[in-house]
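[1] no sequence on this one, just coordinates:
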């Protein structure tokens, strides 16, 4: 018998709470995420009211952009809302508020932090002339959460911002604890103020402040530096590093890069735990007009050098303060084993413990114990000491994994594979994070990244044979000299030729074919990559222009043989009515090339597929690392290869 009745999915009332993880059970993480939402909304002030007792209201109020009723339906009520896809990474500020921020939000989880305290809450939000009040509840068997009731009023409020209210039934926060955590989390930017029950923490009063001092760089620059331990922020962050404040305003974004040098690898535990805030009133003349960073200047180089010395000094001091206690614990634990060692071995052991503690200030005594046990077994060899600095940070699962790895791989083979994977993911991550920023220079940043990863355009382009040669250089000048001046060519033996246009940059490289009969070399394939500037939308004109380049390159008379041209035009987006793939033929109907219109996002998605989804599995390693940091690291690696 045919049955046309269809049963839809049903949900337990606590379904969403049970699937959210720690954000639904930790009041520290929940409130941190909710304040981060205010940051993403362009707020400059957030007021959090924490009640003393359960049954009373917890309130979070900000002066951000707020949400229209339509915004609320499309963003707040959508599970797994993709902020990057719909809003981009840059924060939008309310009227009459200027600034530049990178949003924390990615997957729309933060707004569910209110469910940590109750299964029902109220959102009141203002956006221009509209005031919306929504009562949200999880008490529905048909949906994970629903709008239980709402009220929308339109009149000239001329107000922006949101107010979240929830009656605390569970996970009651502690005022002082939350004040410490939230202040540490957002301390890097003086334009973002968070008040907990009317209290806020000034930089000089923060409990995580380890050291403050005044440094005179020269007779023109005086700075105050503050070294802060942010371990209590209970959340990974994209803003750890060195933050510069000029007259109480943030310059650029915190980073562990000073000028062109890395102070520390941004992926290490130290880099993710500590922040340095540099305040001054003497840096105004050295700041770029849009406040995104500093100009190049010899005085700033002196400042960078002093800050790096300061960082190394404090990290050493942090390690030194704990070394005596650590050595005492370890000596007592391994007293029997140590007593049987030779005097030289005991000396080596003490040096090993000191080296580990100094270079790993976040290491616990238990980890040091594991390292000492290993160094005893390795008989205190120098290679053993170096290995210990890595082993102390391994969990039980990592140690088991390492054991399994060494059963199947040699160390050299494993390093070769891992270095190549890291290099490729780093390139893709740098492209992902920098390509949508219209302020990024595609000539000096994006093009070197893309041309160093030709495998993005197909495995056949990965061959080391792809390079610039005299035939190709002559062809390029013949084809492009009618459109641009000679000065707009950048020729180098170490990378493909570059042609600089008004709104794009093109690189051209090719493979050589050796004729076994004549012994002569000819070009058999040409790869042309034209990168458009940030936010550029590719139209049919750009596609047709690339087609003309293909025809001109093949027909210019400078290339011996019958080369096939693979041309890629890469931008932020392209028109709806443009064909993304076009085959180019000559007068004899023979294919001489192919044009592909693509986006940076498509290149990144394709790369992730070709890397077997490793980026997603290793997300924690790359999420919080700055795009420019990855680019500069890539440039340094390439320089070493060139040498």
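    Structure received. These figures come from a predicted structure and were not determined experimentally.

[2] Who are the packing partners of the top helix by length along the chain?
    Ranked by residue count, the top helix of the chain under DSSP state H comes out as helix 298-333. Applying 3 or more Cβ pairs under 8 Å, 6 or more residues apart in numbering; DSSP states H and E, one finds that helix 298-333 contacts strand 209-216, strand 222-229, strand 257-258, strand 274-280, helix 343-359, helix 365-377. Backbone N, C-alpha and C define where each C-beta goes, glycine included.

[3] got the angle for it vs strand 274-280?
    150 degrees (axes from the mean of the first three to the mean of the last three Cα atoms, to 10 degrees).

[4] After helix 298-333, heading C-terminal, what element do we hit next?
    On the C-terminal side of helix 298-333, the closest following helix or strand by DSSP states H and E is helix 335-339.

[5] Could you give me the buried positions within the helix or strand residue 416 falls within?
    Residue 416 belongs to helix 411-434 when assigned by DSSP H and E. The neighbour-count check on helix 411-434 (16 or more other Cβ atoms under 10 Å) flags 422-434 as buried.

[6] Likewise for stretch 179-194?
    179-190, 192, 194.

[7] Over to stretch 132-141?
    Using 16+ other Cβ under 10 Å as the burial criterion, the residues of stretch 132-141 that qualify are 132-134, 136-138.

[8] and it, how far out from the chain's middle?
    Distance, stretch centre to chain centre, for stretch 132-141: 34 Å (Cα atoms, centre = their mean, to the nearest Å).

[9] swap in stretch 334-344?
    Distance, centroid of stretch 334-344 to centroid of chain: 46 Å (Cα atoms, centre = their mean).

[10] now swap in stretch 264-280 and tell me
    Centroid displacement of stretch 264-280 relative to its chain, using Cα atoms, centre = their mean, is 15 Å.

[11] Any idea what the residue nearest to residue 277 when sequence neighbours are not counted is bridged to?
    The shortest distance from residue 277 to any non-neighbouring residue, by Cβ to Cβ, 6 or more residues apart in numbering, is to residue 226 (4.5 Å). Per DSSP bridges, the residues bridged to residue 226 are residue 212, residue 277.

[12] which residues of the stretch 401-550 of the chain score low on pLDDT?
    Within the stretch 401-550 of the chain, the segments meeting pLDDT under 70 span 411, 436-439, 441-443, 459-470, 481-500, 502, 514-519, 534.

[13] and the helix or strand where residue 508 lies, which residues are buried?
    Under the criterion of DSSP H and E, residue 508 resides in strand 504-514. By neighbour count on 16+ other Cβ under 10 Å, the buried set for strand 504-514 is 504-513.

[14] List just the nearest of the residues you listed to residue 16.
    residue 504 (46.1 Å; Cβ to Cβ).

[15] Surely that closest one is in contact with residue 531, unless I've mixed up the numbering?
    Yes. Counting by Cβ atoms under 8 Å, residue 531 is a contact partner of residue 504 at 6.0 Å.

[16] Surely residue 531 is in contact with residue 445?
    No. If you go by Cβ under 8 Å, residue 531 and residue 445 don't touch, sitting 10.1 Å apart.

[17] between those two, which one's more packed in?
    Set side by side, residue 531 and residue 445 show more neighbours around residue 531, with 23 against 20, by other Cβ atoms under 10 Å.

[18] if I pick the more buried one, what's in contact with it?
    442, 446-447, 450, 504-506, 570-571 (Cβ atoms under 8 Å, 6 or more residues apart in numbering).

[19] Adding distance to residue 47, write the residues you listed out as a markdown table.
    Formatted as a markdown table, these follow (distance: Cβ to Cβ, whole Å):
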| residue | distance to residue 47 |
| --- | --- |
| 442 | 42 |
| 446 | 41 |
| 447 | 46 |
| 450 | 45 |
| 504 | 47 |
| 505 | 47 |
| 506 | 52 |
| 570 | 45 |
| 571 | 43 |
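
[20] Mind checking which of the buried residues of stretch 179-194 land in strands?
    Among those, the ones falling in strands (DSSP state E) are residue 194.

[21] Quick check: helices, which of the buried residues of stretch 179-194 are part of them?
    Reading helices off the buried residues of stretch 179-194 with DSSP H, I get 179-185.

[22] The residues you listed: which two are farthest apart?
    179 and 185 (11.0 Å).

[23] follow-up on the earlier one: may I see the buried residues of stretch 132-141 organised as a markdown table, with distance to residue 566 and secondary structure added?
    Converted to a markdown table, these look like this (distance: Cβ to Cβ, whole Å; DSSP: H, G, I helix; E, B strand; the rest coil):
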| residue | distance to residue 566 | secondary structure |
| --- | --- | --- |
| 132 | 52 | strand |
| 133 | 57 | strand |
| 134 | 52 | strand |
| 136 | 52 | strand |
| 137 | 56 | strand |
| 138 | 53 | coil |
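
[24] So which of the residues you listed sits lowest on pLDDT?
    Here the lowest pLDDT out of those sits on residue 138, with 86.

[25] now that residue: how far from residue 305?
    Counting by Cβ to Cβ, to the nearest Å, the separation of residue 138 from residue 305 is 55 Å.

[26] just residue 76 next, same as before
    48 Å.

[27] what does residue 284 give?
    21 Å.

[28] rewinding a little: angle of the longest helix of the chain against strand 209-216?
    Going by the same axes, to 10 degrees, helix 298-333 makes 150 degrees with strand 209-216.

[29] Helix 298-333 relative to strand 222-229, how many degrees between them?
    30 degrees.

[30] Please renumber the chain so that the first residue is 29 from this point on.
    Yes, from this point I'll number from 29; that puts the last item at helix 326-361.

[31] tell me the mean pLDDT over helix 326-361?
    Helix 326-361 comes out at a mean pLDDT of 80.

[32] List the contacts of residue 635.
    Contacts of residue 635 (Cβ under 8 Å, 6+ apart): 452, 456, 481, 484.

[33] Would you mind confirming that residue 310 is in contact with residue 246?
    No. Using Cβ under 8 Å, residue 310 makes no contact with residue 246, being 9.9 Å away.

[34] Now residue 73. Its backbone dihedrals?
    Main-chain dihedrals, residue 73, degrees, to the nearest 10: phi -140, psi 140.

[35] what's the next secondary structure element after the helix or strand harbouring residue 75?
    Assigned by DSSP H and E, residue 75 belongs to strand 73-77. Counting by DSSP H and E, the next helix or strand C-terminal to strand 73-77 is strand 85-90.
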